[in-house]
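Student: With the sequence up front, the predicted model follows.
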Amino acid sequence: MNDTALVLTLAASMAAAVPIALAALGELLAEKAGVINLGVEGMMLIGAVTAFQVGDASGSLWLALLAGSLAGAVFASIHAFLCVTLRANQIVSGLALVIFGIGLSTFIGKSIEGQPLATDFRPVRFGALADIPLIGPLFFNQDPMLYATIAIAVLIGVYLNRTKAGLAVRAVGESPGTADTMGVAVAAIRYIHVMLGGLLAGMGGAYLILGQVPSWSQAGTTAGIGWIALALVVFASWKPMRVILGAFLFGFARRANFWLQGEGVDIPAEFLSMMPYLLTIIVLVVWGTRDLRRKIGAPAALGIPYIRDER
Amino acid sequence: MTASPAGPGSDHPGRPAAIAAVQVTKRFPGVLANDKVDFHVDVGEVHTILGENGAGKSTLAAMLCGLYQPDEGQIFLSGAPVRLRSPREGLAKGIGMVHQHFRLVERFTVAENVVLGDPQQARFIKATEVEARVGEIGERFGLPINPRARIADLTVGQRQRVEIVKMLYRGADVLLLDEPTAVLTPNEVDALFQTVEAMTAEGKAIVFISHKLGEVMAVSDRVTVMRAGAVTGEVATADTSQRHLAELMVGRPVEVETRRGQSPSDVALSVQGLDVVEDGQKVVDGLDLEVRRGEIVGIAGVAGNGQRPLARAIAGMIKPSAGSVSICGKDVTAKGTKAARKAGLAFVPEDRLGTGLVPGLSLTDNMLLTRKRGFFVNRSEARAEVETAIVDYEIKTPSTEAQARLLSGGNSQKVLLARELANLGTPDGPQVVVVSSPTRGLDIGAAEFVRGLLHEARERGAAVLIISEDLEEVRSLSDRMAVLYRGRVAVEGPTDQLSIEQIGLAMAGVAEEGAA
Ligand SMILES: Nc1ncnc2c1ncn2[C@@H]1O[C@H](COP(=O)(O)OP(=O)(O)O)[C@@H](O)[C@H]1O
Ligand SMILES: [Mg+2]
């Protein structure tokens, strides 16, 4: 009995990892290009509320997912404009994005509060493979977004490490002045990757509302997942596959309650809801310590606006 | 000179210059950095831009490579007018610049740095192909470099090779080298000159930027001299002399400086067995150093061999992990900057703005920062001091109340020097001074003035320690000198008894034990 509970919990953890992983992968792209965006939570909310509205109106899961993703990208472009074009402080701008995102999504979501959404993601069964004990339910009977997320992580890894464009992205994050002299379009790359970051965060938010939480409940919909995603990028030292592993861990932490209760262990809910903010504090400590940042592999120009005329 | 439709000024009739600037002007807020400058370099030639710091050399080069756009005037490429809106356009047209401050991604390998931004590169990078081409270029131009090495692990000289390889890889036909020798050991300079020769032999045009007369005479075919943003002369190297070039550079005849014999007395600054650890690495390693009253000691060495931590440890800004520092007999090891100053130290750090001056404060307030006595500040006295300094050092500033950050590098340095060097060696003033690159960024007039001050301070019995990457600066100022390599003294002795070869080898880390 308890074994099944554990397997079910593990399988659920993997699904719970999806929004965290998507948002963190997006943040990783932006940060690799040298822009930190603390606004993940805001972008996820915008993605979620847009996906709900579009899903409600169209009845199409995939259309809803697409709309949520695009909304995230558009929302992130505000951050790109402030930080790349106007060279604003990235921390301040990111925080503003969170606050704005909470406000705007609450406003857009007024009419749908507490309503459930009709559609849902169905697991993809890999035939007989899905019946293998333990491995089957974990890996071969999950919803399509889990597989998509892993594929995205693999693609990002290849993109950053094997391609010419990825090299340029990393150079922009490490030393924009160098990239500029070598003919790389620094501002364009930063814009694109901040927006890709928003796209993935929006997708994460959309998936959350389409596949995981029962209904729209304002900021409670994401419940701090955006902050966890931010922390995850740091803990994964900016490596996509480690983001996936880390996301499973956090996913497990979010779903463990169910299993632990069965085992007779009770973790206060307050502890879990505290976690995102605790992690954020740790990240900000890392952020503030230059040596530590360098050691764990943060892009060297992360958070620094690029000005060509600077001497 | 005006632009003829056929393109401007080649020295070979019928053949246009590889690249030329005609009457280019560039203004920065408050500075005319280039004033109607004419310049050209021919295919297969080395043309030097000579001028003091702030003369406008880098600005001109930046316009030639597309980093800056001229406010007025025109750039010509092989006789045809061009507009270069970015370094990318410059590179696409075969113009490559090696910047004074290297532009390399430290975490990348040599090969990754080289292919970065290359439009010829296919979408997926095959490291072996790039590595092979880097090797081939290195062989052809005498630039041996391991394509798989990470930049962070390379010496300054090797990094410079990467910079040049990078531009050659992208097919640059015009190479702009901005003060390439500033960071090199004498032997590395020789190697660079051979590379320059190999490049001109293949028909590349080289723009060489320098303020060192000896080098200029050795490497270039022609020289354009700049002063305060304007061209003061253009001559063929064969028809000129160092003295003549110096006059064009400074605008008046210059004197050759002499060094007087001195008899130093008791030790005023003593460093013993100093260890400094940064990032888990020993950057200063068991260093012993003594500076006596009445002498100037110079520390030479390639950048990053412990100069900065040494200076900071003496000044009390960082805690050494072992060893001691004492100033005028007082142990000030790890006691902080205030204790060091109290014991009689004046300190001119490497980064003038930031540690030296507070960028957002006025010059007067900056002058007041190091006052020792009193609770209230005496602004009028400080203002008078700034006024004197403005005259003595020829500081260009709108007023005594201007914020320090508004001043150009050279000018802010003058303010800092004025503050730190005031009253040096007098009973009230500091007795020991540590100066990083005392004349870097100064025009010759101000540099002479600073040299005079340091010499005067020595006469009065101050102990002077100069730390500089500019070997000439150290050699011309100091009575004794030491070369740092990997945080240790590689060679030391009276300056006039150390040969340039000895120093060069020590800087490169191949010195024999304790010469002189
Ligand atoms: N980006 C900039 N902004 C403002 N002033 C500048 C800038 N670049 C150069 N200058 C000023 O232009 C003048 C020429 O500088 P530069 O070309 O760097 O001289 P050089 O290379 O000969 O030392 C100096 O007075 C310098 O302060
Ligand atoms: Mg310069």
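Tutor: Okay, I see it. Residues are numbered from 1 along each chain as shown, chains lettered A, B, ... in the order given. Ligands and ions are numbered 1, 2, ... in the order given.
Student: what about the lengthiest helix in chain A, distance to the chain center?
Tutor: Using DSSP state H to define each element, chain A has its longest helix at helix A:2-32. The chain centre lies 10 Å from the centre of helix A:2-32; the measure is CA atoms, centre = their mean, to the nearest Å.
Student: quick one: buried residues of the very next helix or strand once past that helix?
Tutor: Later in the chain than helix A:2-32, the nearest helix or strand by DSSP states H and E is helix A:40-58. For helix A:40-58, the neighbour count (16 or more other CB atoms under 10 Å in any protein chain shown) marks A:40-56 as buried. Where you see a C-beta, it was placed from the backbone N, CA and C, and this is true even at glycine.
Student: tell me the SS of residue B:427?
Tutor: coil (DSSP: H, G, I helix; E, B strand; the rest coil).
Student: ok, now how distant is it from residue B:285?
Tutor: Using CB to CB, to the nearest Å, we find residue B:427 at a distance of 37 Å from residue B:285.
Student: neighbour count winner among the two?
Tutor: residue B:285 (20 against 8; other CB atoms under 10 Å in any protein chain shown).
Student: Run a quick neighbour tally on the residue in the stretch 101-250 of chain B that chain A sits nearest to.
Tutor: Taking CB to the nearest CB, chain A has its nearest neighbour within the stretch 101-250 of chain B at residue B:117, 3.4 Å off. When neighbours are defined as other CB under 10 Å, residue B:117 has 24 of them.
Student: next one: phi and psi at the most centrally placed residue in chain B?
Tutor: Central residue of chain B (CA atoms, centre = their mean): residue B:182, 5.5 Å from the mean position. Residue B:182 adopts backbone torsions of phi -60, psi -30, taken as degrees, to the nearest 10.
Student: I'd guessed it sits against residue B:469; true?
Tutor: Yes: in this structure, residue B:182 is within contact of residue B:469 by CB atoms under 8 Å, at 7.3 Å.
Student: which helices and strands does the helix or strand where residue B:40 lies pack with?
Tutor: Assigned by DSSP H and E, residue B:40 falls within strand B:31-41. If you count contacts as 3 or more CB pairs under 8 Å, 6 or more residues apart in numbering or on different chains; DSSP states H and E, strand B:31-41 packs onto strand B:19-28, strand B:46-51, helix B:57-65, strand B:72-77, strand B:205-210, strand B:222-227, strand B:230-236.
Student: Could you give the separation of that strand from the chain centroid?
Tutor: On the basis of CA atoms, centre = their mean, strand B:31-41 sits 21 Å off its chain's mean C-alpha point.
Student: C-alpha coordinates for that strand, CSV please?
Tutor: Once non-C-alpha atoms are left out, strand B:31-41 reads as follows in CSV (Å, rounded to 0.1, in the frame of the first residue of the first chain):
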residue,chain,number,x,y,z
VAL,B,31,36.2,67.3,-24.7
LEU,B,32,37.2,67.6,-28.3
ALA,B,33,38.8,64.2,-28.5
ASN,B,34,39.7,64.4,-32.2
ASP,B,35,39.9,67.7,-34.0
LYS,B,36,40.0,67.5,-37.8
VAL,B,37,42.3,64.6,-37.9
ASP,B,38,43.9,63.3,-41.1
PHE,B,39,45.4,59.8,-41.0
HIS,B,40,46.1,57.0,-43.4
VAL,B,41,47.9,53.8,-43.6
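Student: anything in it near ligand 1?
Tutor: Yes: Strand B:31-41 lies within reach of ligand 1 by CB under 6 Å from any ligand atom, at B:31, B:33.
Student: List the buried residues in that strand.
Tutor: In strand B:31-41, the ones that count as buried by 16+ other CB under 10 Å are B:33, B:34, B:35, B:37, B:38, B:39, B:40, B:41.
Student: in its sheet, what does that strand sit against?
Tutor: strand B:19-28 (antiparallel) (DSSP bridges).
Student: distance of residue A:98 from ligand 1?
Tutor: As judged by CB to the nearest ligand atom, to the nearest Å, residue A:98 and ligand 1 stand 35 Å apart.
Student: tell me the contacts of that residue?
Tutor: A:38, A:39, A:40, A:41, A:42, A:226 (CB atoms under 8 Å, 6 or more residues apart in numbering or on different chains).
Student: And the fifth one, how far from ligand 1?
Tutor: In this case it means residue A:42. Residue A:42 is 36 Å from ligand 1, by CB to the nearest ligand atom.
Student: Any stretches of the stretch 301-450 of chain B with poor pLDDT?
Tutor: Scanning the stretch 301-450 of chain B for pLDDT under 70 picks out B:353-355, B:371-376.
Student: oh, I was asking about the stretch 101-250 of chain A
Tutor: Using pLDDT under 70, the stretch 101-250 of chain A drops low at A:118-119.
Student: coming back round to it: for the longest helix of chain A, name the packing helices and strands.
Tutor: By 3+ CB pairs under 8 Å, 6+ apart, helix A:2-32 packs against helix A:40-58, helix A:135-139, strand A:141-142, helix A:144-162, helix A:164-174, helix A:186-207, helix A:225-235, helix A:240-262.
Student: make it 6 Å
Tutor: helix A:40-58, helix A:135-139, helix A:144-162, helix A:164-174, helix A:186-207, helix A:225-235, helix A:240-262 (3 or more CB pairs under 6 Å, 6 or more residues apart in numbering or on different chains; DSSP states H and E).
Student: looking at these, which is closest to residue B:265?
Tutor: helix A:164-174 (51.2 Å; CB to CB).
Student: then the closest one to CSV, C-alphas only?
Tutor: Provided in CSV are the C-alpha atoms of helix A:164-174 (Å, rounded to 0.1, in the frame of the first residue of the first chain):
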residue,chain,number,x,y,z
LYS,A,164,27.4,29.4,-32.9
ALA,A,165,24.3,31.3,-31.7
GLY,A,166,24.7,29.7,-28.2
LEU,A,167,28.3,30.8,-28.1
ALA,A,168,27.3,34.3,-28.8
VAL,A,169,24.7,34.2,-26.0
ARG,A,170,27.2,33.0,-23.5
ALA,A,171,29.7,35.7,-24.7
VAL,A,172,27.1,38.3,-24.2
GLY,A,173,26.5,37.1,-20.6
GLU,A,174,30.2,36.9,-19.8
